[in-house]
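J.: what follows is a predicted protein model with its sequence.
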Amino acid sequence: MKQVSIFAVLVIVLLIVAALGGAFYTVEEWQQVIITQFGRPVGDPVTTPGLKIKTPFVQTANFFEKRFLEWDGDPNQVTTKDKRFIWVDTYARWRISDPLLFFQRLTNERGAQSRLDDILNGETRTTIAKHDLIELVRSTNREFISSTGATDMEEEEEIIYGRSILQAEVLETAKKRIAEADLGIELLDFQFKRINYVEQVRTDVYARMISERQRIASEYRSEGAGEAARIIGSKDRDLKEITSVAYRKAQEIKGRADAEAANIYAAAYNRDPDFYRFLKTMEVYTRTMDKNTILLLSTDGEFLRYLERDR
């Protein structure tokens, strides 16, 4: 019984020593581990998750990512084939494909980022220097439409490669350099994040853009003024035509009415000329005389004919 107790105590002491010495370590799903002994790798990389054991005090567990990692390049000033000075900002995605080689060549992620800086920045400069700026900006030869809806008035340059092909070119050449260097990493993707002119060129470009927009706006205003003049002229012409037609119809109606009235008057006159003469004279009396009218007429005047008869 005493021996069993001593054995149990020894086991507990060994477990405490192992725990204090770091004999146990846990590997997560997104991790992979290289065990080093006095700084040198020993054994195969540990890539399966779970609780693992190593020699305490002697061995060290070096953890590395399994997941995709980000490389974000610094903006660099680059010259294109057509001598345009631009700032290019890039980014990429990569992963650790061989943790042992990665540890031996690069040690850690900081070393990998530094090596990727050299490779990707160099390949970016080389690729851009072989192509014109338009190849870096556009990917197809589709017709360019501005935000105002106007087509670009400048002569379009034909796109032979395009932005997507240039990105693929940088990716492939960088992959080859990484494979030749045996770095234990894999480059997954590369993209141009932002492209812009350098400051001294940007001002001139903006001035040119403003001038171009002003020219297009002036053309629109000129076309609008011409269209307005055409509409006003058409309106005036239509108004005159309508007025002329209406006046002609009014005169025709008036002429027909006068003719009909003359016919009625003539018919009435022919039926009883004396009565017609009497009516017309009465109308004249009504229009020319009222209670305040004073007339000085000779007794033999025609105007008093019916007044004399009435008397």
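T.: Received it, and whenever you're ready, just let me know what you need.

J.: in what helix or strand does the nearest residue to residue 75 once chain neighbours are set aside lie?
T.: The spatially closest residue to residue 75, leaving aside those adjacent along the chain, is residue 89, at 4.4 Å (CB to CB, 6 or more residues apart in numbering). In this view, the C-beta of every residue, glycine as well, is placed from N, C-alpha and C. Counting by DSSP states H and E, the element that carries residue 89 is strand 85-96.

J.: and that strand, C-alpha only, in CSV?
T.: Only the C-alpha atoms of strand 85-96 are listed here, as CSV (Å, rounded to 0.1, in the frame of the first residue of the first chain):
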residue,chain,number,x,y,z
PHE,A,85,3.9,58.9,-63.5
ILE,A,86,1.3,57.1,-61.3
TRP,A,87,0.9,55.8,-57.8
VAL,A,88,0.0,52.1,-57.6
ASP,A,89,-1.5,50.5,-54.5
THR,A,90,-1.7,46.7,-54.5
TYR,A,91,-2.8,43.8,-52.3
ALA,A,92,-2.5,40.0,-52.4
ARG,A,93,-3.6,36.9,-50.6
TRP,A,94,-1.2,34.0,-49.7
ARG,A,95,-1.0,31.0,-47.4
ILE,A,96,1.7,28.8,-45.8
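
J.: that one pairs with which strands, and in what direction?
T.: For strand 85-96, the paired strands and their directions (DSSP bridges) are strand 69-72 (antiparallel), strand 76-79 (antiparallel), strand 185-197 (antiparallel).

J.: sorry, back to before: what residues are bridge-paired with the residue nearest to residue 75?
T.: residue 194.

J.: that one touches residue 124, doesn't it?
T.: No. Counting by CB atoms under 8 Å, residue 89 stays clear of residue 124, with 10.1 Å between them.

J.: now list whatever residues contact both of those two.
T.: Residues touching both residue 89 and residue 124 (CB atoms under 8 Å, 6 or more residues apart in numbering) are residue 73.

J.: looking at these two, which is more packed in?
T.: Just comparing residue 89 and residue 124: by other CB atoms under 10 Å the higher neighbour count belongs to residue 124, 23 against 15.

J.: now that one: how far from residue 73?
T.: Separation of residue 124 from residue 73 (CB to CB, to the nearest Å): 8 Å.

J.: common neighbours of the two, please.
T.: With CB under 8 Å, 6+ apart as the test, residue 124 and residue 73 both reach residue 90.

J.: what stretches of the chain score poorly on pLDDT?
T.: Low-confidence segments of the chain, defined by pLDDT under 70: 1-4, 7-22, 144-157, 295, 297, 299-311.

J.: break it into its domains for me.
T.: Per automatic domain parsing, the structural domains of the chain span 2-65, 69-197.

J.: most tightly surrounded among those domains?
T.: domain 69-197 (a mean of 16; mean count of other CB atoms under 10 Å).

J.: run the chain-centre distance for that domain.
T.: Distance of domain 69-197 from its chain centroid, counting by CA atoms, centre = their mean, to the nearest Å, is 24 Å.

J.: quick one: end-to-end distance for that domain.
T.: Separation of the first and last residues of domain 69-197 by CA to CA, to the nearest Å is 29 Å.

J.: could you do stretch 48-60 as well?
T.: End-to-end for stretch 48-60, by CA to CA: 17 Å.

J.: follow-up on the earlier one: quick one: which of the strands paired with strand 85-96 is nearest residue 131?
T.: strand 76-79 (10.9 Å; CB to CB).

J.: run through who's touching the closest one.
T.: Residues from elsewhere that reach strand 76-79, judged by CB under 8 Å, 6+ apart: 85-88, 121, 124-125, 128-129, 198.

J.: what segments of this structure are helices?
T.: Along the chain, the segments classed as helices by DSSP state H run 2-20, 99-105, 109-129, 133-137, 163-181, 199-271, 273-288, 305-310.

J.: now the ones you listed as TSV including distance to residue 187?
T.: Output for the helices of the chain, formatted as TSV (distance: least, CB to CB, whole Å):
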stretch	distance to residue 187
helix 2-20	41
helix 99-105	13
helix 109-129	8
helix 133-137	20
helix 163-181	5
helix 199-271	31
helix 273-288	113
helix 305-310	126
